[in-house]
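K.L.:
make a model of this:
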Amino acid sequence: MGLLNKIVLIAVNGMLKTIYSISSFLFPFRPDKVTFASYRSEQLKGNLLYLYNELENNREHYTYTMLFKKYDSSFLGKLDYVLHLIRASYHLATSAYFVVDDYYYPIYVVNPKKKTKVIQLWHAAGAFKKFGHSTKGKSFGPSLEYLKYVNIHSNYSNVIVSSKEVVPYFAEAFNMSAEKILPLGLPRTDYFYDKDKTSLTVEKFNSLYPELTGKKLILYAPTFRGKSHYQAPFAIPFDLKKMKMQLDSDYVLVTHFHPYMKGTNRDKEAYSGFIYDLSDVFDIQELMYLSDILLTDYSSVIFEFSLLNKPIAFFPFDLEEYIQERDFYYEYKSFIPGPLFQDTESLINWLKNETFDLEKIQAFREKFFDDADGNASKRIVECLF
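P.N.:
Residues are numbered from 1 along each chain as shown. Here you go, the predicted model:
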């Protein structure tokens, strides 16, 4: 960490602590106030949206504040980010509940009141790629010097996870007591068990894309690559020309990239009719429900997709590099619940032959979801609110 970055970090930390202290002194603590905050999106979605809906329907006495800001690394973006941090410090000082779904800087800098319940609704199910304190010493992870100034993932009252199986890994990643980590399930998975919502998704899809009737959807959802909010353009690693030529009559490829990834389909015109990017039309839960097969590398989307009992295939084109950079909680090749491919032709043959092992998917689901019943949001509200 350079001297200038260190000075900026110390100054910002001091400012946030001051704003928090002033807000605590001047403004009343509100026992009815629930704040939802995220850097992953500009709007309420995913786990936070499902928890909010459950609270709205069953806890009428709460009021809500929304803090959503995707980071922009331009000068004006950074300035806007600092203003967002100031707002967040005020709301953290005055909220009874502060709910996040990822890394959230102000929480680790100030010292929240004990009467404020800080709830981490981590955006990924299961435990796959290492994160947080588990990545110390890796190029992906925080430097020891940075940790002197920002104690990442500290000050959580509770963390919500999908199963008892992953509690030890989250305790390590967040450097916190396992007793505070509750295997209540992920709220957004409730969608898969809501027949009204899933039926509407299918109707919407059929209405917007009638040309895809009868086609099978391959959902390609690669993991995030890069560090923090910075990401170079990502090129699809398999041979799209070969896939289109051999699979076009039966399949289409639907892409979904991480919020901070810049996806590219190379020459889009050459693959029109075979590749669709529906990220702006459907969220990831809807795309999973609509799709017949998931194709990924290291994305935690595999856990939720296993709830649908559909095939999963893996195309880890940079596995050794990724292990060096970040690593996994499990040995990758023995852990994944589907075949691993390193060339396009083998993947195409697997798709054509449909030699799918769904028993492996079922065992995987049972290991990483203690309760697969559509009631995760309800359990969280009943337990914590």
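
K.L.:
need the contact partners of the strand or helix carrying residue 352.
P.N.:
With elements taken from DSSP states H and E, the one containing residue 352 is helix 344-353. Taking contacts as Cβ atoms under 8 Å, 6 or more residues apart in numbering, the residues outside helix 344-353 that touch it are 218, 238-239, 242-243, 246-247, 251, 293, 295, 313, 315, 339, 341. Where you see a C-beta, it was placed from the backbone N, CA and C, and this is true even at glycine.

K.L.:
point to the residue nearest the middle of the protein.
P.N.:
residue 123 (3.6 Å; Cα atoms, centre = their mean).

K.L.:
ok, that residue - contacts?
P.N.:
Residue 123 makes contact with 40, 46-47, 101-102 under the criterion Cβ under 8 Å, 6+ apart.

K.L.:
next step: those restricted to helices.
P.N.:
46-47 (DSSP state H).

K.L.:
ok, so of the contacts of residue 123, who is nearest residue 183?
P.N.:
For those, the minimum distance to residue 183 (Cβ to Cβ) is 14.5 Å, reached by residue 47.

K.L.:
that closest one touches residue 188, doesn't it?
P.N.:
Yes. Taking contacts as Cβ atoms under 8 Å, residue 47 lies within contact range of residue 188: 5.0 Å.

K.L.:
so residue 361 makes contact with residue 304?
P.N.:
No. Residue 361 lies out of contact with residue 304 (Cβ under 8 Å); the separation is 11.9 Å.

K.L.:
now the helix holding residue 352: buried residues?
P.N.:
344, 347-348, 350-351 (16 or more other Cβ atoms under 10 Å).

K.L.:
same deal with stretch 84-96?
P.N.:
Neighbour-count burial for stretch 84-96 [16+ other Cβ under 10 Å]: 84-86, 88-96.

K.L.:
repeat for stretch 364-372
P.N.:
364-365, 367-369, 372.

K.L.:
any stretches of the chain with poor pLDDT?
P.N.:
225-233, 258-270 (pLDDT under 70).

K.L.:
go again using 50 as the cut-off
P.N.:
Residue ranges of the chain with pLDDT under 50: 265-266.

K.L.:
using PDB, list the CA coordinates for stretch 243-254.
P.N.:
What follows is stretch 243-254 as a C-alpha-only set of coordinates in PDB (Å, rounded to 0.1, in the frame of the first residue of the first chain):
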ATOM      1  CA  MET A 243     -21.000 -25.000 -30.700                       C
ATOM      2  CA  LYS A 244     -23.400 -23.000 -32.900                       C
ATOM      3  CA  MET A 245     -22.700 -25.200 -35.900                       C
ATOM      4  CA  GLN A 246     -23.300 -28.500 -34.000                       C
ATOM      5  CA  LEU A 247     -26.000 -27.400 -31.400                       C
ATOM      6  CA  ASP A 248     -27.900 -24.700 -33.100                       C
ATOM      7  CA  SER A 249     -30.900 -26.900 -34.000                       C
ATOM      8  CA  ASP A 250     -31.500 -28.000 -30.400                       C
ATOM      9  CA  TYR A 251     -29.800 -25.500 -28.000                       C
ATOM     10  CA  VAL A 252     -29.300 -21.800 -27.300                       C
ATOM     11  CA  LEU A 253     -26.600 -20.400 -25.100                       C
ATOM     12  CA  VAL A 254     -27.800 -17.800 -22.500                       C
END
